[in-house]
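# any chance you could fold what I've pasted below:
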Amino acid sequence: MKTILNLAITAAIAASSITAVHATTLQEAVKSEVRSDKNKSRDEFRNPQQTLNFFGLTEDMTVVEIWPGGGWYTEVISPVVAEKGKFVAAHFPSGTDVGYFNKHLPKYQAKIKNTPALSKTEITEFHPKFSPDMAPAGSADMVLTFRNLHNFYMTSDEMMQTTLDSAFKALKPGGVLGVVDHKLPENLDAEAFRQSGYIKQSVVEAAAKKAGFKLVASSGVNANPLDQAQYEKGVWTLPPTLALGDKDKAKYLAIGESNRFTLKFVKPTL
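Residues are numbered from 1 along each chain as shown. Below you'll find the model as predicted:
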């Protein structure tokens with residue numbers, strides 16, 4: 001009888017351990033070995049846990065990330081929502097003549113395929129011109145874009161607007177749009193700096209409002225007052241890119257990554 005009881009207790013402990021392994025919290029995901037040391041070294045500037053808490057991420061959400069690149073945020077978000085929600089990577093479109101897309105989409109696909117903790121990631125294609133639907137209409141609880149909206153803006157206002165319109169369409173009523181991007185000071189000429197990688201917060205707010213969103217909160221969690229946003233190679237002058245190579249490298253490393261706005265919008269319920 002005592003042996004049976006001990007076995008039962010052991011089984012119960014084992015079951016609870018299995019549950020704990022499968023239930024990945026945001027804090028656990030940020031510290032996980034799924035993330036490379038190189039990616040973790042950027043946490044000082046990108047603050048993934050604080051940023052995602054600000055946006056209101058929960059484990060039961062369907063989350064869409066626009067153009068997740070190499071998967072920096074995928075490694076954090078996908079494991080959190082894997083059991084009770086869904087992570088959708090709205091990545092580059094296939095079948096175009098854009099070399100950058102054709103190079104990096106297969107790399108991301110291979111990363112998902114070869115990383116068990118990310119295996120439930122669903123990959124879709126998104127581009128304002130080629131593939132304008134990042135997810136089925138009304139399917140997402142949250143759409144996120146990290147240091148990315150400026151890419152569409154650099155092409156045209158229309159490209160950025162179409163991206164925000166698509167995000168609005170993908171979200172459920174009450175769903176959240178989270179935006180982090182490189183902040184251009186409001187006193188600088190927006191057109192003169194369009195190709196710099198920086199974008200004015202006011203420009204993003206106006207475009208989001210036009211798409212139908214309501215701004216509900218902003219955060220300084222990703223702010224960097226040392227960044228003046230005026231460099232020879234734009235935002236890529238700063239780390240991690242360091243586009244000027246060894247030229248003034250110590251200076252730019254001391255500044256750190258860019259000054260960023262962090263904005264939370266909602267799709268109204270009515």
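
# where do the strands of this protein begin and end?
Along the chain, the segments classed as strands by DSSP state E run 62-66, 86-91, 122-125, 140-146, 171-182, 214-219, 260-266.

# closest one to F54 among those strands?
Proximity to F54, assessed across the strands of the chain by C-beta to C-beta, is greatest for strand 214-219 (4.9 Å). (Each C-beta comes from the backbone N, C-alpha and C, glycine too.)

# so what are the sheet partners of that closest one and their directions?
With DSSP bridges as the criterion, the sheet partners recorded for strand 214-219 are strand 260-266 (antiparallel).

# could I have the strand it pairs with exported to CSV, CA atoms only?
Once non-C-alpha atoms are left out, strand 260-266 reads as follows in CSV (Å, rounded to 0.1, in the frame of the first residue of the first chain):
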residue,chain,number,x,y,z
ARG,A,260,12.3,54.3,-30.0
PHE,A,261,8.6,55.1,-29.5
THR,A,262,6.4,52.3,-28.2
LEU,A,263,2.7,52.7,-29.0
LYS,A,264,-0.3,50.7,-28.1
PHE,A,265,-3.4,51.0,-30.3
VAL,A,266,-6.8,49.2,-30.2
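
# give me the distance between the two termini of stretch 178-192.
Distance between the two ends of stretch 178-192: 26 Å, counting by C-alpha to C-alpha, to the nearest Å.

# what residues of stretch 248-267 count as buried?
252, 255, 257-267 (16 or more other C-beta atoms under 10 Å).

# what residue ranges in this protein score low on pLDDT?
Screening the chain residue by residue with the criterion pLDDT under 70, one finds the ranges 1-23.

# now the spatially most central residue of the chain: closest residue in space, sequence neighbours ignored.
When the chain is reduced to its mean C-alpha position, the closest residue under C-alpha atoms, centre = their mean turns out to be F146, at 4.0 Å. Using C-beta to C-beta, 6 or more residues apart in numbering and skipping residues adjacent in sequence, the residue nearest F146 is V180, 4.8 Å away.

# show me what contacts that neighbour?
Counting by C-beta atoms under 8 Å, 6 or more residues apart in numbering, V180 makes contact with T51, T145, F146, R147, N222, R260, F261, T262, L263.
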